[in-house]
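Novice: When you get a sec, could you give me coordinates for this:
(one chain, ligands or ions: 1)
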Amino acid sequence: MSEKNILKIDNLSFSYGTQKVLNSISFDLQQGMQASLLGPSGCGKSTLLNVVAGFHEVDGGEVWIEDRVASSALTHIPPEQRNTGMIFQDYALFPHLNIIDNVTFGLQSMPKRAAKTEGIKWLNLVRMGEFESRFPHELSGGQQQRVALARALAAKPKLLLMDEPFSNLDADLRRALVREVSEILRDTNTTAILVTHDQEEAFIFGDHIGLMRDGKMEQWGKPAEIYAKPVNRWVADFVGGGSWLKGVNAGGSVSTSVGSFKLDSGCEKSQDGNDGCHFEVLLRPHEIDLIRCESASQLDGWNGGEVCRVVHREFTGQETRYVVEVSGSEKVDVTTDGLPTFETGEEVKLALKRSNPIAFEVAA
Ligand code: ADP
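Specialist: Next comes the predicted model:
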């Protein structure tokens, strides 16, 4: 049985004055799902979150929270009646209240003792139980953000909305906290949306990703789908990137300077392309092996690519990054695990680890 919708957004649009900021956005979230809204700065992520929270009235379309319309051109349910919780970048704890009073602030309808027990339960869950009597200024940024999470969860929101809550923290702490928060939300079956411009954070957190650009949802899907089957070149570049090679369709395969490939089934348009159609083929750095020229022809399924030359090499400690020149002009980034094995200037061939790379048809 499928879980019920907690949030449904249908053809939503919103403008600040005459500036259209959200355009035909649609997606939905079922109970317990965690989504990341990802995209470059200014694309409308925070605005979308604020619209869901009820801070803005919409121009058109609908926001449903559970089984009622919260926003439409005719309806606007105020934020405090939407049963959503919000966590911001700047922690927003009350500085004059200690930690337990911060967490129980929204539980004033409960008897005091029961509220405190409930508050301690949530503080323990975020591993802050021992700090209940401290004040916000006595905690680190990461600890304050955990308290903010406990406070939001204690109010048992139907939907938790998080706007870049980790971006003030340093990189290691941020990654650890994203993982931890995502586990807590999964354990408590909390439905949540995280706004971030950081791809890694979005992918760690979200079981679904909404990739936004200029107020539109470019692609909505599971992280692996977005990475493996981007709907257009912009998405492919934003999520992972890589090197684009020119290709031409010949007999159902695309011929490039590093060999011929059948195209991925996600590129129906490309596969249907007639002979002579032009393509751009994406080679992701981790999806390529460098092969010594003399060994290449012995590989199973060798696709006949040209001899290339290593023009740059850097070793980061965990991996080696090469830039390889193909056909004297096109350049391909290749990342291999471990120590460097090829010299700058050495001739190599490229072997793709996936047989059907991402490709998009382009005008000749
Ligand atoms: P993101 O969260 O993706 O960085 P925002 O939702 O904050 O993007 O902003 C989307 C667009 O709306 C930007 O062009 C921004 O300048 C504009 N904008 C954001 N807030 C306001 C506001 N209060 N008044 C007018 N324009 C705004």
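Novice: What is the three-state secondary structure of the nearest residue to residue 223 once chain neighbours are set aside?
Specialist: Among residues not flanking residue 223 along the chain, residue 203 sits closest, at 4.6 Å (Cβ to Cβ, 6 or more residues apart in numbering). Quick note: C-beta positions are derived from backbone N, CA and C, even for glycine. Per DSSP: H, G, I helix; E, B strand; the rest coil, the local secondary structure of residue 203 is helix.
Novice: Is residue 203 in contact with residue 211, as I believe?
Specialist: No. Counting by Cβ atoms under 8 Å, residue 203 stays clear of residue 211, with 11.0 Å between them.
Novice: Pick out whichever of these two has more residues nearby.
Specialist: Taking other Cβ atoms under 10 Å, residue 203 and residue 211 do not tie; residue 211 has more neighbours (24 against 19).
Novice: So that one belongs to a strand, correct?
Specialist: Yes. Per three-state DSSP, residue 211 lies within a strand segment.
Novice: residues touching residue 346, list them.
Specialist: 309, 310 (Cβ atoms under 8 Å, 6 or more residues apart in numbering).
Novice: State the number of residues packed around residue 151.
Specialist: 27.
Novice: Next: residue 170.
Specialist: Neighbours around residue 170, by other Cβ under 10 Å: 10.
Novice: next one: phi and psi at it?
Specialist: Backbone torsions of residue 170, given as degrees, to the nearest 10, read phi -70, psi 160.
Novice: I'd like the distance from the strand or helix carrying residue 245 to the chain centre, please.
Specialist: Element membership for residue 245, per DSSP states H and E: strand 243-250. Distance of strand 243-250 from its chain centroid, counting by Cα atoms, centre = their mean, to the nearest Å, is 28 Å.
Novice: same check, this time on stretch 342-356
Specialist: Relative to its chain's centre, stretch 342-356 lies at 29 Å (Cα atoms, centre = their mean).
Novice: how about the CA coordinates for that stretch, as CSV?
Specialist: What follows is stretch 342-356, C-alpha atoms only, in CSV (Å, rounded to 0.1, in the frame of the first residue of the first chain):
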residue,chain,number,x,y,z
PHE,A,342,50.7,7.0,-16.1
GLU,A,343,53.2,9.7,-16.9
THR,A,344,52.4,13.1,-18.4
GLY,A,345,53.1,12.8,-22.1
GLU,A,346,52.4,9.1,-22.2
GLU,A,347,50.1,7.7,-24.9
VAL,A,348,47.0,5.9,-23.7
LYS,A,349,43.6,4.7,-24.7
LEU,A,350,40.4,5.4,-22.9
ALA,A,351,38.1,2.5,-21.8
LEU,A,352,34.6,3.4,-20.6
LYS,A,353,33.4,1.5,-17.6
ARG,A,354,29.8,2.0,-18.7
SER,A,355,28.9,0.8,-22.2
ASN,A,356,26.2,3.3,-22.8
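Novice: Quick check: mean pLDDT of it?
Specialist: In this model, stretch 342-356 has an average pLDDT of 87.
Novice: buried stuff in that stretch?
Specialist: Neighbour-count burial for stretch 342-356 flags 342, 346, 348, 349, 350, 351, 352, 356 (criterion: 16 or more other Cβ atoms under 10 Å).
Novice: Mind telling me the two of these farthest from one another?
Specialist: 346 and 356 (28.1 Å; Cβ to Cβ).
Novice: Against residue 110, how distant is residue 118?
Specialist: 7 Å (Cβ to Cβ, to the nearest Å).
Novice: Next: residue 37.
Specialist: 33 Å.
Novice: Looking at these two, which one has more neighbours?
Specialist: residue 37 (30 against 15).
Novice: so what's that one up against?
Specialist: By Cβ under 8 Å, 6+ apart, the neighbours of residue 37 are 45, 48, 49, 193, 194, 195, 196, 202, 209, 210, 212.
Novice: try it again with 10 Å
Specialist: 25, 27, 43-46, 48-49, 52, 161-163, 193-197, 202, 206, 208-212, 217, 220 (Cβ atoms under 10 Å, 6 or more residues apart in numbering).
Novice: Name the SS class of it, please.
Specialist: strand.
Novice: What of the one 3 residues further on?
Specialist: Per three-state DSSP, the secondary structure class of residue 40 is coil.
Novice: Where does the prediction get shaky in the stretch 51-200 of the chain?
Specialist: 91 (pLDDT under 70).
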